[in-house]
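J.: Have a look; sequence and predicted model below, questions after that.
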Amino acid sequence: MTPNTMTRNTKKANTVSTSATDLAVLGQALRVLRERAGTTQARLAAVLQMDPTYVSRIEHGRRGVQWLTVLRFLRALDVDLHQLADAMTEVEKPRRARK
């Protein structure tokens, strides 16, 4: 099926959605990195020029986050993508053990 012949419903069915678990893992990993950097949500929010409640919602998995925002977090915390991946793996291990 070519993209031009796809119906709206077909396009919807082929998209990958982000689950609440994915958001929670990403948020917890960002929190781990923030805590390792020794900063608070309020200080990080000030550096990012964001509302502290937005940072909190991301860390608690209650808010989706765009890729560019993730990159801003990483730069502000002076960490790289590998460290984020490691933190996500660390957060996921206890989750997998519970299943």
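T.: Yes, it's here. Numbers count the residues shown, from 1 in each chain.

J.: which SSE is the residue nearest the centre of the chain in?
T.: Closest to where the C-alpha atoms of the chain average out (C-alpha atoms, centre = their mean) is Leu26, at 3.5 Å. Assigned by DSSP states H and E, Leu26 belongs to helix 20-36.

J.: Could you give the average pLDDT over stretch 23-41?
T.: For stretch 23-41, mean pLDDT rounds to 97.

J.: Now tell me what touches it from outside.
T.: By C-beta atoms under 8 Å, 6 or more residues apart in numbering, the list of residues contacting stretch 23-41 from outside reads 44, 52, 55-56, 58-65, 70, 73-74, 77-79, 83-84, 87-88, 90-92, 95. For every residue, glycine as well, the C-beta is placed using N, CA and C.

J.: Please apply the same query to stretch 49-69.
T.: Stretch 49-69 is contacted from outside by 18, 20, 23-28, 30-31, 34, 41-42, 44-45, 48, 73, using C-beta under 8 Å, 6+ apart.
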